[in-house]
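Peer 1: have a look at this fold, sequence not included:
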């Protein structure tokens, strides 16, 4: 169980956080204009790299703020955390 | 061959491995079929391809043979899935398991001791009855047991009301079982190797040579290998390969942890799964308790998970099985499972004419091994998806024809 | 008896009696089961798992591969090492032949956890660990020192000299210095068993006082100092598994800790200097000793000491095997295999640093040819390895490395390098590598012959290293022998992975306090006491306990629910709806947010009004539903289902924060701020009107799907005309401090009408009679609003909302999709089991042989008081087109005929909702 | 059920059923440990941009400074101000009625685009005092609660056991735990269970009984 540095609360146990998957996936500006395939790509497809991965996390048991992080999926270690990008952070479901 | 063979009850001595297993091959210039991934699925595919007369085949494995999820899983075998599509492939696999020892000429210790899927809430009960009724109509052995009947099948389950989430009943599939994973992998490897398949270890795929919509070669750390057809069987590492091909797939790789206890006198005659409290447990042949946990929440290829998940799992185990209190955790480990949005596998075509995909099995890969090996071999041999796997194509995410096992079955492992 | 006067730190003034394999033995406080058995020259403990060969005590601590016992009394505990069990009066144990036994009764012992934070954690209280802990403590740091043995000092025997004094005095001084500091926590009998990221080390304390038997310390340290020592390595030879074959340092340990001489006629075979100390010590304790050194050069200092004592030392000599029945009677020495009588054969093939904790966090090992061992390679940030764990095997070096500027001093001992000797010549089938698994060199040879090239494959083929000891002594030897057989350097092969835990940990210790009701919170509403007092039966809904029904004496659930249903349909009932999720949605863009989240339009809702809403995922499947109250232009109160309350709020926050941060909206959970009591039935107006006399509750003044604020004795209360039963109904919401009082007032006011508390089961029946779905029961993540007949709640006007685009996918256009319908058993008597599948009804009315195509399943099924018959809701393929058709439902092997109907079975005109 | 006969609506503490137990336990464990129920106080969740004039306007109304640093709190004349997030505070008052407190703070914040929502009954408070108080919390909370890391003036939203809590450090060994009412029993049950450790005779039947301790 590693420590994750919440940009607001500071380092806390991993258990306090929830995972939001890939970051920077923007909601389509006009879903109706998309083909079924393009829509499926947005709804279901996310990157799955072995290495650094930009992700969204929420400090759900703390300040409940979302933030972005870059994490190495080979080691599971966080490389950096930062506030959310201005837009297109990729809420998914 | 469908009954538990003697000597596979908990506490039995393990049979010896044979004196010869597989040839450690060096890559040739090219093969009719290159199977990427020397795990259970890759080896089973090679075996069944050989049975179809296709033996100019290489299985390339980046590490040691069957050292990925095959070496790390908890070996549950069952087919009591809700949807027809899932039941179809898993039941086909189960039937093959029932004859696999003979087919492979290898003591795989397939022990059909049944699986109980516990229900703890009213909704669990509804979901369970629904699945049992669907199984019956699909010709799969299944029954619903009330708590007293659960206790008869597995006397150590605490069916009293004094636990936080009392057991309301369980589904039971008597033909479910466990097998010895290394024996299974090695059995497939030996037969494939005997038939002429090259098994090439320490051979990591680093890229593909493409010509239009065909892949003509596989780049590896041991040189380029020409190929007629490529069959991807890389489980948790599939995305890494697909990224090389530029083929997107809705896969996410997560750690999945498991653990064993010391050897114990027989105490647990069946398999018990409880999704509500995230625990599944059986007692393996030598007597150790083998347990699996829930999937770790975040993506990771690290083959390790967070210990708090193990702690939570231990709490659940002691709740359900009070006699486990002083059993000891001997060893814990993790594999990398590739999960999909609907908790069903992705098998079938890719945008490349001669590349076939088999991935996304999540926690269900081991139990499917002979079934998918058989159907995937048929697919590769005939250049089209076998009907059993046709529902599992990538296109379902576009049409919306998902096979949503987590929403409905409440049974993920 | 092999007890030696003048040796050992056991308390000889007191006697403790234990029973092993039916024989009573006496020992002293400070003894272990192993030392007691050795003190009594006890017969072999057990026999081996595969070949039934006798096995005894092979080492003095956790590395022993053979001395396993089952504890029977005071409480059964499977498979523990005799060497680690401290004796207590009444302890009953027996040897284990392979499998432990679990107790058949529950363990009442208490286990707990504690989180600990420190600047420095030192693992191991041997000379290096004590020195490192003292150094850190003197710097003023918060220090935690853990050590798995009963007493500090590690393997210091007391014969060493540190800072010019006997080593045990040094140990006592350091311990006293640490004990005097409030910044130091020193825990003995505490095994650091797992090392995780960011300095988290889990340690199991076997407690000797306090409220729990064992405690897991979750220690988060800024710096972890691993001073875990080293494990002596055996040399493999023929019949090396015989009782009486022991690691050399363990014999010293038994002598100096327990005053037990493990043998009187001793042969020491070694390829390393350290074993000489055992030879000398045992001779000094009156044993006869002979040393066989596999190396051609004998270390000078030890040669001299041996000569002084008359110990015969044979250089360049190896042991080849043993003789004996139940225990060793002779060593077979040299190529000639001549017999040297002995009752104790001590072995030392050098040392392996205890690298487990270093590797748990990804530390890589490197082969050190000078040491003949794997040692920690590239350092890890925040982790230090000192002393023998780092391959520093001499005392002087350990102290120097761990001690810094004021390091304690010990004299250097010049010596000869260790010779790497995995095995001596002999019959591989009788050369045991893993004594617990009965695995031999022949097994490794077979594995290699079968094509195995990786140590992981060899491990799996032979099972070496998979037993209770996880290969503490056998693992690296197996790598070495495999390397030899393959003709490759051992550094190419490496080791198998060291996985947590370092030593076995009881399940219950890991579970800690999370057992019984503490396993998971039991959430109750502020009215819970009232339900208990009224005799309610409860059901688990998530973590909540909800009143399911309120049986009267003699009633089963069916009878109670029929009565409660009838009360609501004919008079009035009350239900506690406080578990519903409630979210305050505020800000100028509140309506915009809700329009994006709900399938229907919320921006057009007028202040004072209520609207039912449905939420879908991006995949177009129903996620949740509930009511939305518009409190002001910029303020809404949203309710969610009980089970989804947290998930819905989380999802709303996720979209708001990550996708639409430009929206000026804030979300606040008020789930527990507000209690809700539903008052339902034709007399509900009378009851609510009586309690809230200042509110005009007429239909004209207080219409359906509207809300009004009022007060009760000055306490704000909100009333809403919301019905989940089709009856005239009000929801009363109040700050939850006052919920029980409001409940009481409503019951009091309802007494003239026979007001009846009703539970979730009754609520489910009433809503089902009206065709209202329960999300999660009538849906399963594959159901759209249209499938539920909620197309009216899906806006056509809004350009987009979450899930809308998915409705246009081909699958969503399929007329054969499953749709929610009612199902009435034709016999008007059978209650179809929930979850039942639905099939076409064959002409003969029989269930065909499988496979049988399925049309859908029964999602809800009840007895109806209003209909005086059982009924069900079901998802059926193309169901709405099939209304009126009769289908079959397999129940206990028979097909029950049931007719498909519209979902609304009671009051289809909706006449009752206004009273 | 004395409360239903009174003329006015009676507020009931969510942990009322534990009051006697905690009093008895505190008496037994004094001075090492005291566990008390907090009072029912008005509380609002304040959301306002910290960079604008909102905080200052609210300070005027609540009569004290709002905390500026993450995970800290300040004392108000009759309550507390806890910084819960970048734009979020919890403001309590033992002197105001919940609806009045909400109205007052909301009015002040609204002028600056902020808002306040009544959450008086959304959390309940426990107080832990005594030399063992911090250690008791370490049985279920992973935060570093050493006095130097969690001194007077700090607060933190975190987990205790399976429950979300807000921990608040007062002077010395005096700590406050805020928890949702429905999780409060879980927290108290765990604390009471853990407090067994400090009893003069800590349950010999389940601890390391004499036959197991050398």
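Peer 2: Here it is on my side, so go on. Keep in mind it's a predicted model, so treat the numbers as computed, not measured. Numbering: from 1, shown residues only, chains lettered A, B, ... in the order given.
Peer 1: doesn't residue C:303 lie inside a helix?
Peer 2: Yes: counting by DSSP: H, G, I helix; E, B strand; the rest coil, residue C:303 is located in a helix.
Peer 1: pull the number of nearby residues for it.
Peer 2: If you count neighbours by other CB atoms under 10 Å in any protein chain shown, residue C:303 ends up with 18. C-beta here means a position set from N, CA and C on the backbone, and glycine is covered the same way.
Peer 1: got phi/psi on residue C:532?
Peer 2: Residue C:532 has phi and psi values of phi -60, psi -50 when expressed as degrees, to the nearest 10.
Peer 1: try residue B:368
Peer 2: Note on residue B:368: backbone dihedrals following degrees, to the nearest 10 are phi -80, psi -10.
Peer 1: one more: residue C:192?
Peer 2: phi -70, psi 110.
Peer 1: what's the burial count for it?
Peer 2: 29.
Peer 1: kindly report the same for the one 10 residues further on.
Peer 2: A count of nearby residues for residue C:202, using other CB under 10 Å, gives 24.
Peer 1: equivalent analysis for residue C:186, please.
Peer 2: 21.
Peer 1: need the three-state assignment for it.
Peer 2: Three-state assignment for residue C:186 (three-state DSSP): strand.
Peer 1: report the separation between it and residue C:199.
Peer 2: From residue C:186 over to residue C:199 the distance is 19 Å, taken as CB to CB, to the nearest Å.
Peer 1: how about residue D:145?
Peer 2: According to CB to CB, residue D:145 and residue C:199 sit 17 Å apart.
Peer 1: neighbouring contacts of stretch C:586-598?
Peer 2: Under the contact criterion CB atoms under 8 Å, 6 or more residues apart in numbering or on different chains, stretch C:586-598 has outside partners C:585, C:601-603, C:605, C:613-615, C:628, C:633-636, C:638, C:652, C:655-656, C:660, C:663-668, C:798, C:800-802, D:115, D:117.
Peer 1: ok, the helix or strand bottoming out on mean pLDDT in chain C: who's next to it in the sheet?
Peer 2: The weakest-scoring helix or strand in chain C, judged by mean pLDDT, DSSP states H and E, is strand C:46-47 (a mean of 86). Next to strand C:46-47 in the sheet, as set by DSSP bridges, lie strand C:54-55 (antiparallel).
Peer 1: and residue C:695, which helix or strand is it part of?
Peer 2: Secondary structure assignment for residue C:695, by DSSP states H and E: no helix or strand.
Peer 1: show me what contacts it?
Peer 2: C:688, C:689, C:702, C:708, C:710, C:719.
Peer 1: what are the phi and psi values at it?
Peer 2: Torsion angles, degrees, to the nearest 10, at residue C:695: phi -100, psi 130.
Peer 1: look up how far residue C:673 lies from it.
Peer 2: Note on residue C:695: its distance to residue C:673, by CB to CB, is 22 Å.
Peer 1: do the same with residue B:40
Peer 2: Look at residue B:40 and residue C:673: by CB to CB, they are 53 Å apart.
Peer 1: now the helices for the stretch 151-300 of chain B?
Peer 2: For the stretch 151-300 of chain B, the helices defined by DSSP state H, counting those that start in this stretch cover B:181-194, B:238-245.
Peer 1: who wins for proximity to residue C:55 among these?
Peer 2: helix B:181-194 (26.2 Å; CB to CB).
Peer 1: which helices and strands does the closest one pack with?
Peer 2: helix B:40-51, strand B:57-60, helix B:84-104, strand B:198-200, helix B:365-382 (3 or more CB pairs under 8 Å, 6 or more residues apart in numbering or on different chains; DSSP states H and E).
Peer 1: which residue would be the closest one in chain B to chain A?
Peer 2: Across chain B, the shortest distance to chain A (CB to the nearest CB) belongs to residue B:239, at 3.7 Å.
Peer 1: which ones among the contacts of stretch C:586-598 also lie next to chain A?
Peer 2: Among the contacts of stretch C:586-598, proximity to chain A is found for C:655, C:800 (CB under 8 Å from any CB of the partner chain).
Peer 1: give me the buried entries from the contacts of stretch C:586-598.
Peer 2: C:585, C:601-602, C:605, C:613-615, C:628, C:634-636, C:638, C:652, C:655-656, C:660, C:663, C:665-668, C:798, C:800-802, D:115, D:117 (16 or more other CB atoms under 10 Å in any protein chain shown).
Peer 1: quick one: residue D:110 and residue C:660, what's the gap?
Peer 2: Applying CB to CB to residue D:110 and residue C:660 gives a distance of 22 Å.
Peer 1: in TSV: the helices and strands packed on helix B:181-194, plus mean pLDDT.
Peer 2: Listed next are the helices and strands packed on helix B:181-194 as TSV, based on pLDDT from 0 to 100:
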stretch	mean pLDDT
helix B:40-51	98
strand B:57-60	98
helix B:84-104	97
strand B:198-200	98
helix B:365-382	97
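Peer 1: what's the one helix or strand residue B:308 maps to packed up against?
Peer 2: Here residue B:308, judged by DSSP H and E, is contained in helix B:307-320. Applying 3+ CB pairs under 8 Å, 6+ apart, one finds that helix B:307-320 contacts strand B:252-263, strand B:271-274, strand B:279-283, strand B:288-295, strand B:328-339, helix C:507-511.
Peer 1: would you list these in CSV and tack on mean neighbour count?
Peer 2: Output for these, formatted as CSV (neighbours: other CB atoms under 10 Å in any protein chain shown):
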stretch, mean neighbour count
strand B:252-263, 25
strand B:271-274, 24
strand B:279-283, 26
strand B:288-295, 24
strand B:328-339, 23
helix C:507-511, 26
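Peer 1: let's have those in CSV, adding mean pLDDT and distance to chain D.
Peer 2: Below are the helices and strands packed on helix B:307-320 laid out as CSV (pLDDT from 0 to 100; distance: least, CB to the nearest CB, whole Å):
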stretch, mean pLDDT, distance to chain D
strand B:252-263, 95, 20
strand B:271-274, 95, 18
strand B:279-283, 93, 16
strand B:288-295, 90, 15
strand B:328-339, 95, 16
helix C:507-511, 97, 11
